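Enquirer: generate a structure from the sequence data that follows.
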Amino acid sequence: MSDAKQLKHQPVTLNARQRHVVEEAIREVCEHRPYVLRAINARTNHVHTVVTAMQDPEPVLDAFKTYATRKLRRTKLLSANVKPWGRHGSTVYLWKEKDVAKAIEYVMLGQGDDLFRLDDDE
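Expert: Below is the predicted model of the structure:
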């Protein structure tokens, strides 16, 4: 079954104001928790972040989605019945500083079709 047929709701496209609010919310999460936000780029249909956190990435991702949704609703930029995020998201562990640098570069500059590639040989 195609991804589109599995959707329960219409896909959400974030406008410029919504993207700004999402980025603000994620920055606020990082200010109140022991997370270091290294890069952020809210796109029309997804958000990229690079975050240093001393925990598994899934709770970090969940916090970002929760806070962003709450802020979008508080600012009246998202109605209560809209679910803007997918069930999960991509969480990649970056163990080497050069891989963090590549991820930051991708998030900030490389929004093409190919995701960044980690070097397996180092």
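
Enquirer: what's the weakest-modelled helix or strand in this structure?
Expert: When the helices and strands of the chain are scored by mean pLDDT, DSSP states H and E, helix 3-6 comes last with a mean of 55.

Enquirer: and the helix or strand following it, what's buried?
Expert: Toward the C-terminus, helix 3-6 is succeeded by helix 16-32 as the next helix or strand (DSSP states H and E). The neighbour-count check on helix 16-32 (16 or more other Cβ atoms under 10 Å) flags 18-19, 21-26, 29-30 as buried. C-beta: built from backbone N, CA, C; applies to glycine.

Enquirer: where do the helices sit along the chain?
Expert: Secondary structure of the chain (DSSP state H): helices at 3-6, 16-32, 57-74, 97-109.

Enquirer: go through those helices and find the least confident stretch.
Expert: Mean pLDDT per stretch puts helix 3-6 lowest among the helices of the chain, at a mean of 55.

Enquirer: what is the end-to-end distance of stretch 24-39?
Expert: With Cα to Cα, to the nearest Å as the measure, stretch 24-39 spans 13 Å from end to end.
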